[in-house]
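[1] turn this into a structure:
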Amino acid sequence: MSVHQYCDGLNRRDFLRIGGLAGVGLSLSQYLQFAEAEEVRSAKAKAAIFVRLSGGPSHMDTFDLKPDAPDSHRGEFREIVTCVPGIRFCEHLPKLAKCADKFVILRGVSHTLADHRLGTKYLTTGNRPLPSLEYPGYGAVVSRELPGAKDLPTFVAVHGGEETTGFLGVEYGPLNTGQTPKPGKPLEIRGLSLNGGMTLTDLDRRQNLLKRFDHAFDSLGNEDKLLVGLDRFTQRAFAMLRSPKVRTAFDLSKESAAISKLFSDHSFAQSCLLATRLVETGVRFVTVSFTGWDTHEANFTKLKGDLLPPLDSGLSGLFLALAAKGLLDTTTVFVTGEFGRTPKINGRGGRDHYPRAMCCLMAGGGLRGGQVVGGSDKLGQAPEHQPITPDDVAATFYKTLGIDVTKMYHTPSGRPVMIVRNGKAIEELLG
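    Now for the predicted structure:
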């Protein structure tokens with residue numbers, strides 16, 4: 001049935017609904033607010049995997065090559081075709097080229113913070129940093145908005161990285177694995193195994209002792225946000241120690257051969273495999289970090305030898321494994337560094353910090369894969385048209401998870417703060 005679209009963006013069905021709602025006292029603006037809330041609630045994604053490429057990968061040598069640029073900018077790598085007509089990227093990413101229909105490339109993402117720390121804060125929170133406020137990272141917000149089962153961690157960080165909870169507090173922080181997984185082996189996480197001959201009976205006895213201790217100091221704990229957060233951590237830790245689901249999720253030897261062979265033995269690729277197992281079990285948010293992208297010198301040698309092959313195996317395996325497990329539609333994947341690198345090659349064969357143009361990847365969560373959104377100019381120096389901001393990417397990311405970025409939080413001092421201050425979801429991505 002065709003639906004007539006009015007010039008103000010309303011269709012005929014909406015128009016009739018508004019007429020009916022007027023009888024119960026709802027205005028047009030109120031109706032549109034309800035409609036937006038309903039759209040948020042119908043989001044497909046139930047979990048997310050955030051891949052951080054720390055150091056700032058070169059957009060010019062990965063997903064936004066400029067083969068017609070002069071030698072001073074072009075670099076050493078050739079473009080290759082992908083499984084999607086018209087989309088090309090670096091020759092050292094052949095596995096990703098074969099599954100380019102599974103993800104979206106965002107080109108021309110742009111900001112102005114060329115410092116690692118500030119750029120990281122921006123790209124991991126979706127808010128431009130302020131000296132007076134510490135914004136929560138994506139994982140903390142998802143932990144608050146989409147709490148998971150009590151016997152599972154809501155948020156897992158695979159082998160470190162800055163995972164800020166900002167003003168939300170430690171109760172929304174991650175379980176940090178402390179190490180990267182090894183092929184075909186269970187990942188032993190400190191604090192999540194019964195060592196030294198301890199039994200579940202011993203564990204229950206210790207938990208009961210802690211409960212009595214907590215009761216004695218109850219009034220003090222209720223007034224301290226840090227103590228409250230730590231107490232919730234402790235409660236969940238006890239639940240996880242008793243959970244066979246947790247032990248299975250962190251054990252790569254339990255994975256099928258068909259899925260395992262999608263990933264190389266590199267620690268990043270194995271971390272991506274672990275991420276798929278965690279979301280399959282019910283973990284809401286997983287961060288995977290891959291460092292080493294700060295290529296001020298020997299950029300091309302490092303990329304083709306140490307960085308691009310593991311990235312190719314890890315990300316392609318991640319997309320294909322999620323698809324094979326039936327999880328790609330319900331899991332949003334977001335891949336980013338803190339900035340790009342200079343289009344012009346420096347005198348040491350490297351590229352320097354460059355936030356004016358960078359690339360991000362997104363996949364799953366109802367996003368329409370196999371497309372490029374945005375672009376940079378012919379030298380890769382600036383967005384070709386309207387820039388995509390980190391705020392826009394954040395708003396899109398949260399929307400796939402059904403999280404309303406205009407929702408207001410309050411800091412411990414009572415200051416009202418929206419989840420994302422500025423930024424609008426990128427409609428081309430939302431299918």
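[2] the strands in the stretch 51-200 of the chain, which residues?
    Secondary structure of the stretch 51-200 of the chain by DSSP state E, counting those that start in this stretch: the strands cover 79-81, 88-90, 103-109, 155-158, 175-176.
[3] out of those, deepest packed?
    Mean neighbour count (mean count of other Cβ atoms under 10 Å) peaks for strand 155-158 among the strands of the stretch 51-200 of the chain, with a mean of 27. Placement of C-beta: from N, CA and C, glycine included.
[4] tell me which residues are up against it.
    Under the contact criterion Cβ atoms under 8 Å, 6 or more residues apart in numbering, strand 155-158 has outside partners 139-140, 142-143, 163, 172-177, 180-181, 271, 274-275, 278, 283-289.
[5] if we go to 6 Å?
    The contact list for strand 155-158 (Cβ atoms under 6 Å, 6 or more residues apart in numbering) reads 139, 143, 163, 174-177, 271, 278, 283, 285-288.
[6] which SS class is the residue sitting nearest the centre point of the chain?
    Nearest to the geometric centre of the chain sits Phe50, at 2.5 Å (Cα atoms, centre = their mean). Put simply, Phe50 is strand when judged by DSSP: H, G, I helix; E, B strand; the rest coil.
[7] hang on, the earlier thing: who wins for neighbours among the contacts of strand 155-158?
    The most crowded member of those is Phe285, carrying 30 neighbours; neighbours defined as other Cβ atoms under 10 Å.
[8] just checking, that residue touches Gly137?
    No: Phe285 lies out of contact with Gly137 (Cβ atoms under 6 Å); the separation is 9.5 Å.
[9] ok, the residue nearest to the centre of the chain - contacts?
    Phe50 touches Tyr138, Thr287, Phe334, counting by Cβ under 6 Å, 6+ apart.
[10] distance of the nearest residue to the first one once chain neighbours are set aside from Thr281?
    Yep, that's Tyr138 we're talking about. Nearest non-adjacent residue to Tyr138, counting by Cβ to Cβ, 6 or more residues apart in numbering: Phe50, 5.7 Å away. Taking Cβ to Cβ, to the nearest Å as the measure, Phe50 falls 17 Å from Thr281.
[11] and Ser54, by the same measure?
    Ser54 sits 26 Å away from Thr281, going by Cβ to Cβ.
[12] and Thr177, by the same measure?
    Remark: distance between Thr177 and Thr281 (Cβ to Cβ) = 14 Å.
[13] repeat for Gly178
    Separation of Gly178 from Thr281 (Cβ to Cβ) stands at 19 Å.
[14] between the two, which has more neighbouring residues?
    Thr281 (18 against 14).
[15] contact partners for Leu429?
    Leu429 sits next to Val104, Leu367, Thr396 when contact means Cβ under 6 Å, 6+ apart.
[16] and for the second one, the neighbour number?
    Per other Cβ under 10 Å, the neighbour tally for Leu367 reads 27.
[17] could you confirm it falls within a helix?
    No: using three-state DSSP, the secondary structure at Leu367 is coil, not a helix.
[18] helix/strand/coil for the spatially closest residue to it that is not a sequence neighbour?
    Nearest residue to Leu367, sequence neighbours excluded (Cβ to Cβ, 6+ apart): Leu429, at 5.1 Å. Here Leu429 is recorded as helix under three-state DSSP.
[19] can you tell me how far Leu429 sits from Trp293?
    From Leu429 across to Trp293, the span is 24 Å (Cβ to Cβ).
[20] what's the answer for Arg421, then?
    From Arg421 across to Trp293, the span is 27 Å (Cβ to Cβ).
[21] which one's more surrounded, these two?
    Under the neighbour definition other Cβ under 10 Å, Arg421 and Trp293 were set side by side, and Trp293 has more, 22 against 17.
[22] what sits against that one?
    Leu53, Gly55, Gly56, Pro57, Gly337.
[23] residues in contact with the fourth one?
    Pro57 makes contact with Trp293, Gly337 under the criterion Cβ under 6 Å, 6+ apart.
[24] so where's the stretch 101-250 of the chain uncertain?
    For the stretch 101-250 of the chain, the stretches with pLDDT under 70 are 160-162, 190-242.
[25] what ranges do the helices span in it?
    Taking DSSP state H, counting those that start in this stretch, the helices of the stretch 101-250 of the chain run over residues 116-125, 138-145, 200-216, 218-222, 225-241, 244-249.
[26] list the buried ones in the last one?
    Along helix 244-249, these residues count as buried under the neighbour rule (16 or more other Cβ atoms under 10 Å): Val246, Arg247, Ala249.
[27] can you spell out which helices and strands pack onto that helix?
    Helices and strands touching helix 244-249, by 3 or more Cβ pairs under 6 Å, 6 or more residues apart in numbering; DSSP states H and E, are helix 267-281.
[28] average pLDDT across the helix it packs on?
    The pLDDT scores in helix 267-281 average 97.
[29] pull the CA atoms of it into PDB?
    Extracted C-alpha coordinates of helix 267-281, given in PDB (Å, rounded to 0.1, in the frame of the first residue of the first chain):
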ATOM      1  CA  SER A 267      46.300 -11.600  19.600                       C
ATOM      2  CA  PHE A 268      44.100  -9.000  18.000                       C
ATOM      3  CA  ALA A 269      42.300 -11.600  15.900                       C
ATOM      4  CA  GLN A 270      41.900 -13.900  18.900                       C
ATOM      5  CA  SER A 271      40.500 -11.000  20.800                       C
ATOM      6  CA  CYS A 272      37.900 -10.500  18.100                       C
ATOM      7  CA  LEU A 273      37.000 -14.100  18.300                       C
ATOM      8  CA  LEU A 274      36.600 -13.800  22.000                       C
ATOM      9  CA  ALA A 275      34.300 -10.800  21.500                       C
ATOM     10  CA  THR A 276      31.900 -12.800  19.400                       C
ATOM     11  CA  ARG A 277      31.700 -15.500  22.100                       C
ATOM     12  CA  LEU A 278      31.000 -12.900  24.700                       C
ATOM     13  CA  VAL A 279      28.100 -11.200  22.900                       C
ATOM     14  CA  GLU A 280      26.800 -14.700  22.000                       C
ATOM     15  CA  THR A 281      26.700 -15.500  25.700                       C
END
